[in-house]
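**Q** build me a model from this:
(4 chains)
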There are 4 protein chains.
Amino acid sequence: MNTWGQNVRLSIFGESHGPGLGVVIDGLPAGFRPDWTMVKGEMARRAPGGELATERQEGDEIELISGVLEGTLTGAPLCGLIRNKDMRSQDYSDMPFRPSHADYAAFHKFHGFNDPRGGGHFSGRITAGLTFAGALAKQLLAQKGIEIGAQITAIGRTLAPPVTPDQLGERLAELRSMRLPCLNEQKANAMAEEILAAKRAGDSVGGRVEAFALGLPVGLGEPFFDSVESVLSHLFYAIPAVKGVVFGDGLEMGLMRGSDANDAMSGGERVKILSNHNGGVTGGLTNGAPLRVTLFMKPTPTIGREQQTVNAKGESVVMRGRGRHDPCVVPRAVPVIEAAMALGLLDLMGRYEG
Amino acid sequence: MNTWGQNVRLSIFGESHGPGLGVVIDGLPAGFRPDWTMVKGEMARRAPGGELATERQEGDEIELISGVLEGTLTGAPLCGLIRNKDMRSQDYSDMPFRPSHADYAAFHKFHGFNDPRGGGHFSGRITAGLTFAGALAKQLLAQKGIEIGAQITAIGRTLAPPVTPDQLGERLAELRSMRLPCLNEQKANAMAEEILAAKRAGDSVGGRVEAFALGLPVGLGEPFFDSVESVLSHLFYAIPAVKGVVFGDGLEMGLMRGSDANDAMSGGERVKILSNHNGGVTGGLTNGAPLRVTLFMKPTPTIGREQQTVNAKGESVVMRGRGRHDPCVVPRAVPVIEAAMALGLLDLMGRYEG
Amino acid sequence: MNTWGQNVRLSIFGESHGPGLGVVIDGLPAGFRPDWTMVKGEMARRAPGGELATERQEGDEIELISGVLEGTLTGAPLCGLIRNKDMRSQDYSDMPFRPSHADYAAFHKFHGFNDPRGGGHFSGRITAGLTFAGALAKQLLAQKGIEIGAQITAIGRTLAPPVTPDQLGERLAELRSMRLPCLNEQKANAMAEEILAAKRAGDSVGGRVEAFALGLPVGLGEPFFDSVESVLSHLFYAIPAVKGVVFGDGLEMGLMRGSDANDAMSGGERVKILSNHNGGVTGGLTNGAPLRVTLFMKPTPTIGREQQTVNAKGESVVMRGRGRHDPCVVPRAVPVIEAAMALGLLDLMGRYEG
Amino acid sequence: MNTWGQNVRLSIFGESHGPGLGVVIDGLPAGFRPDWTMVKGEMARRAPGGELATERQEGDEIELISGVLEGTLTGAPLCGLIRNKDMRSQDYSDMPFRPSHADYAAFHKFHGFNDPRGGGHFSGRITAGLTFAGALAKQLLAQKGIEIGAQITAIGRTLAPPVTPDQLGERLAELRSMRLPCLNEQKANAMAEEILAAKRAGDSVGGRVEAFALGLPVGLGEPFFDSVESVLSHLFYAIPAVKGVVFGDGLEMGLMRGSDANDAMSGGERVKILSNHNGGVTGGLTNGAPLRVTLFMKPTPTIGREQQTVNAKGESVVMRGRGRHDPCVVPRAVPVIEAAMALGLLDLMGRYEG
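**A** Numbers count the residues shown, from 1 in each chain, chains lettered A, B, ... in the order given. This next block holds a predicted model:
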């Protein structure tokens, strides 16, 4: 089902090449007066444009259909609608299924009736609604002293050194203003070059994003099924191209002994977690250390090179990607990842009694 | 909330050292006559015992409270109850919070009223109910030709070579009978040795599990929020000690170009996915290739060595783990991981129209 | 929350005097090609116009934003949007709370930030989205041989005689074409006169609607919480002005002895329920007899007469209703009631294994 | 599905003649120390016994399996288990379906695999779990100044005069101590006589219950789908034998003009609702007047007289009720109705921001 959330509930709809797309958000507080300029800024971070992304030109302008009166939320469900504009007509009836894309599976799931134009409902474009909702969630979290941020730690084989949460906290505004958010300028340039090289080759690259949340209370999350990790990974895996979600030093903790991997604590005026291998979550609940999670993203499946695949008749065909596509979705995915994190945490905050 | 599922709904309850624990399962088909010996076998795989696990002695015997009449499911909710038996009394009132365990976060979440005995509701023991439910789910999936399996691919620094799904399919029964399910005998022995070494040192180790599902239809899963990856990772992250969930070659795909990472297809009588970097899921839906996911597990937080931590008063203290604990939870987690996968897929099958 | 449904999920949004309103419907089958003329007809039944209803002029034209390609459903969420057009500007800032309307309670719930224009999100106008979704649900049910119908059995003190389900089944098309759907022509005329009399007096009247479903399978519904009665009454009570929901002869059964109230059965080629005091539901499940439910609706709260009430400052004031309003909402509620019934039954059919 | 609730979530399980029945309750606050004597008292109100009820002898003793430590709630799911004791063995294989009971519909829904013994999962006995959960909910509401009460206003043809909420508030404790809770002593005696007369005749009677909630805040409930009326009627209709749910003067409001039916308000230090035809709910939200709802209950279907029915083979048979049954379930239903009301309101309070 295309709804999500318990205290903040989202309904996502729309297609890449249909009339439009959007989101209905329920559960936001009446009287909340969002900074709409910030919301537009978040939408712009995700929007296409620039040499690192697809050339499709769309401002992703949100029309507020409901739930807002003179800029203030009324408490009724908020519907944000984005019209599609820069669509190019083409014939999809004999379009082969793009390898590694939703095309083939969606065709089967929906018995051939899915909207195939530009991936239809499976297009990354649908994340615009999530980004919009996430921008509101971020503002509500910020009111409680919770900040969300993310940086790219890898594009293809170019790896950036990790940052500490402190660094991230200080340079959050800077990160949000970057087209390729990475605090190491040299690496950021190398990453951009890696994207352009893939683009020149008619190919694509993937990468990694490290996302943070600072200022969370201790004990957020629910035991068992609705652990912080369960709720966040559920949302992260709704984002196209995400193939791995790892909390803290999850990849390396299995190689350590417990005596090394455990995060010791010290007391006094304020309890401190002395290391943060767990990425701020123990027993499925936040423990007061910064929440830290790494997402692994695959290369954009749509490429401009010849690929072996099948068509709707089940015949082997060779296809070459047509249309405009992103050589790398990672930069545009950063605000989407932040949005998903913000929405997941806001929903859990609704169940938190502090 | 401690419920999960849309078509198959679970409610989990219980504590490690209280009267008992269990699960209510709703949505299983009336007239289904489970192989109860297989169910007991799955419970035994997860149960403690043996030199690789905790010495707590419990058979995890399930009492069927409801939903079953003369061994056959009635269609009403099935409640399975497990009594706790081998509990040792001790005083928990001044127990320090175990580093990296739920203790500290749970104490805050529940304002000090959480049951601290053996981790209470956060104990890995609660997964017995999930294992029970999963055993039933596995049987229902098997009726549709879907098989679930898993092998350990790492314990600490001992890594086992990957298996192909074909190998796994052929040796599934064998895997299920192993105390340390790994198809490479030499590596399995080395893994056991790594666990025993940690045990001797009063320490613990983590590892990795690779889980598979074979025989899935094409197009299972829902777009966006309820992708196969979202639903499964949600469940996997309910299992204590899981810190990473990666589908297919998710870790490596970001290092590849799209032209290498994409899974080409060939047609003919039957569509074939020629590689499986995506782990059987594209666009959030199954694509007919085997579903393949790797889980990264951290070392058991409870160890027999001195650790720096805090107590309920917020004072720094040094603690040494008391009581019986697992030097490595990975072997016992294998049937739980399989159970979670089976339940997630069974739930999604309920929304699949084939 | 403004979402409903398990197998068919609705999200409702919008306000009476904002940009528009609509509904997102998820879970409808891909490949379903609705009769869009019928859908428009259902919208027209609910739309304002005619001397029995408000003079607000709105066609309630639905724009299909998503989920439909060339008239056929794709399986992705369907968003239908209705723009508001004939809104008259007025100042609501010192508007007193209309007695018996949502105004006062909504003002408190949303701390004064609710959209007060025309009732905002609490307007009966929001049921347009439900009617749209219900029109699709009716068509899907009709494919399975299930027909929904309703007639008005009372307007004010004018009562119409009951009809048998057989009569209703035969004259269903006729009922759907009536502006005041009542099979007894003489009573229908008297009802219309009662509405006009109230209108002339600047007042309003309520009434009763009897709704039916024919052709349901035996055993639809879920035990306990999701009984047919639970699911349907939940939806019916979402419709403004509904104050009573009674199944079968629910009002009178308490006055009978069990030996009279029980519905005897006879066997043979086909089991027959010999009477239908239970209205087709026993034990919360359908029993094969026609489903029959009566809804009691209060008079429209907004009237043109002086009433004692309070304003936002909590001061006593006397108000006289301004603006256009319905002297009786019952005729326009009939297609909404049918829609709610259709949606509830369609959702339950998704859990029915036949 | 046998789960209900968003902020307080219930899972119900069990059968009349199986090992037992119970409920899992999630979402109750950690640190809550219930008055367990009151809980037992509520269970006793619903329990069988006395000349007005079935002769089945069961104390309905709850065993607390989880979620409670030394009498205090821990915040983890609370499982309460009731063992069945006084079951009489008998052969159900050729038992005819009792007219108006769940038997026939359940047999079809579950393809003949339902537990038929004593109605199985459809037995009124399952409401013991609801009563238990409701007793806890009542205490939590009372902490917020909200009181729940109910009185019987009709048994068969014996009608009692209505009480004012004030009367009810003052005599709440008295009502809770009555076996047949009705404030008019003369009518209460006549009602008891009506039950005994039906019992002597091997027959049964139904009746009506009027339930109240006092002290609710203004604005409780959600717009549209989760109106107070939607949420409460959903729960009420889960109670066996309920066939009608009417809020306030819902039956009579349709006969009035709006100018009479509307509840005028006066301001000043405190806003007053001057009448209460709406039963305390307008626009689906509480308006500060006492919540008042009437439930109509049918006679117990199981009677000791001959009835025409069918058996599992679809043959016409004549049956005479065997076993012990209630000549009237209304008195025992009163605490169940109160419990359902308390749970519905508590769940809505979880979404109320005050």
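**Q** C-alpha from now on. contacts and neighbour counts both.
**A** Noted.
**Q** flag every buried residue along stretch A:24-36.
**A** Using 16 or more other C-alpha atoms under 10 Å in any protein chain shown as the test for burial, stretch A:24-36 gives A:Val24, A:Ile25, A:Asp26, A:Gly27, A:Leu28, A:Pro29, A:Ala30, A:Gly31, A:Phe32, A:Arg33, A:Pro34.
**Q** residues in contact with the fourth one?
**A** Meaning A:Gly27. Contact analysis of A:Gly27 by C-alpha atoms under 8 Å, 6 or more residues apart in numbering or on different chains lists A:Asn7, A:Val8, A:Arg9, A:Gly75, A:Ala76, A:Pro77, C:Met1.
**Q** any chance of those in TSV, plus pLDDT and secondary structure?
**A** Output for these, formatted as TSV (pLDDT from 0 to 100; DSSP: H, G, I helix; E, B strand; the rest coil):
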residue	pLDDT	secondary structure
A:Asn7	93	coil
A:Val8	95	coil
A:Arg9	96	strand
A:Gly75	96	coil
A:Ala76	97	coil
A:Pro77	98	coil
C:Met1	77	coil
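**Q** surely A:Thr153 forms part of a strand?
**A** Yes - assessed with DSSP: H, G, I helix; E, B strand; the rest coil, A:Thr153 lies in a strand.
**Q** re the thing from before, out of the contacts of A:Gly27, flag the one nearest to chain D.
**A** Nearest to chain D among the contacts of A:Gly27: C:Met1, at 6.2 Å, using C-alpha to the nearest C-alpha.
**Q** my guess is that closest one meets D:Gly221, correct?
**A** No - using C-alpha atoms under 8 Å, C:Met1 makes no contact with D:Gly221, being 9.4 Å away.
**Q** skip the chain neighbours and tell me the closest residue to whichever residue of chain A sits closest to chain D.
**A** Nearest residue of chain A to chain D (C-alpha to the nearest C-alpha) works out as A:Gln6 at 7.5 Å. Spatial nearest neighbour of A:Gln6, chain neighbours left out: A:Asp347 (6.5 Å); criterion: C-alpha to C-alpha, 6 or more residues apart in numbering or on different chains.
**Q** now do A:Met95
**A** Closest residue to A:Met95 apart from its sequence neighbours, by C-alpha to C-alpha, 6+ apart: A:Asn311 at 6.7 Å.
**Q** check A:Arg332 too.
**A** Distances taken as C-alpha to C-alpha, 6+ apart put A:Arg46 closest to A:Arg332, at 4.7 Å, once the chain neighbours are dropped.
**Q** helices of the stretch 251-354 of chain A, residue ranges please.
**A** For the stretch 251-354 of chain A, applying DSSP state H, counting those that start in this stretch gives helices covering A:258-261, A:330-349.
**Q** just the stretch 51-200 of chain A next, same as before
**A** Using DSSP H, counting those that start in this stretch, helices in the stretch 51-200 of chain A cover A:103-109, A:127-143, A:165-170, A:172-177, A:185-200.
**Q** ok, the closest residue to A:Ser123 other than its chain neighbours - contacts?
**A** Nearest-residue entry for A:Ser123: A:Ser16, 5.8 Å, with adjacent residues in sequence omitted and distances by C-alpha to C-alpha, 6+ apart. Applying C-alpha under 8 Å, 6+ apart to A:Ser16 gives the contacts A:Asn84, A:Arg117, A:Gly118, A:Gly119, A:Gly120, A:His121, A:Ser123, A:Arg125, A:Ile126.
**Q** how about a cut-off of 6 Å?
**A** Residues near A:Ser16 by C-alpha atoms under 6 Å, 6 or more residues apart in numbering or on different chains: A:Gly118, A:Gly120, A:Ser123.
**Q** also A:Val228?
**A** A:Gly221, A:Gly284, A:Leu285.
**Q** now these in CSV, with pLDDT and distance to chain D?
**A** Listed next are these as CSV, based on pLDDT from 0 to 100; distance: C-alpha to the nearest C-alpha, whole Å:
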residue, pLDDT, distance to chain D
A:Gly221, 97, 13
A:Gly284, 97, 14
A:Leu285, 97, 14
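**Q** can you pull out the low-pLDDT segments for chain A?
**A** Flagging of chain A using pLDDT under 70 yields the residue ranges A:55-59, A:86-93, A:321-324, A:354.
**Q** do that again at 80, thanks
**A** In the predicted model of chain A, residues A:1, A:49-59, A:86-94, A:164-166, A:168, A:320-325, A:353-354 satisfy pLDDT under 80.
**Q** just give the number of residues close to A:Gly314.
**A** Using other C-alpha atoms under 10 Å in any protein chain shown, A:Gly314 has 19 neighbouring residues.
**Q** that one: what's it in contact with?
**A** Here A:Gly314 is in contact with B:Gly267 (criterion: C-alpha under 6 Å, 6+ apart).
**Q** how about A:Ala190, what does it touch?
**A** Neighbours of A:Ala190 in contact, by C-alpha under 6 Å, 6+ apart: none.
**Q** my read is that A:Val218 contacts A:Gly288, right?
**A** Yes - here A:Val218 reaches A:Gly288: they are 4.8 Å apart, a contact under C-alpha atoms under 6 Å.
**Q** that older thread, now neighbour count too, for the contacts of A:Gly27, in TSV please.
**A** Below are the contacts of A:Gly27 laid out as TSV (neighbours: other C-alpha atoms under 10 Å in any protein chain shown):
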residue	neighbour count
A:Asn7	21
A:Val8	21
A:Arg9	21
A:Gly75	25
A:Ala76	30
A:Pro77	29
C:Met1	23
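**Q** what parts of the stretch 51-200 of chain A come near chain B?
**A** Counting by C-alpha under 6 Å from any C-alpha of the partner chain, the residues of the stretch 51-200 of chain A close to chain B are A:Pro99, A:Ser100, A:His101, A:Ala102, A:Ala105, A:Ala106, A:His108, A:Lys109, A:Gly156, A:Arg157.
**Q** most neighbours, which of these?
**A** Counting by other C-alpha under 10 Å, top hit in these: A:Ala106 with 33 neighbours.
**Q** how about that one, nearest residue that isn't a chain neighbour?
**A** The shortest distance from A:Ala106 to any non-neighbouring residue, by C-alpha to C-alpha, 6+ apart, is to B:Gly219 (6.0 Å).
**Q** A:Val23 now?
**A** The shortest distance from A:Val23 to any non-neighbouring residue, by C-alpha to C-alpha, 6+ apart, is to A:Ile12 (4.6 Å).
**Q** three-state assignment of the one you found?
**A** strand.
**Q** which residues of the stretch 251-354 of chain A fall in strands?
**A** A:265-266, A:272-273, A:281-282, A:285-286, A:291-297, A:306-310, A:316-320 (DSSP state E, counting those that start in this stretch).
**Q** and those strands as CSV, adding distance to A:Leu140 and mean neighbour count?
**A** As requested, the strands of the stretch 251-354 of chain A are exported to CSV (distance: least, C-alpha to C-alpha, whole Å; neighbours: other C-alpha atoms under 10 Å in any protein chain shown):
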stretch, distance to A:Leu140, mean neighbour count
strand A:265-266, 30, 22
strand A:272-273, 26, 20
strand A:281-282, 22, 29
strand A:285-286, 19, 28
strand A:291-297, 18, 26
strand A:306-310, 46, 21
strand A:316-320, 45, 17
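**Q** A:Val318 touches A:Gln308, doesn't it?
**A** Yes - taking C-alpha under 6 Å as the definition, A:Val318 is a contact partner of A:Gln308 at 4.6 Å.
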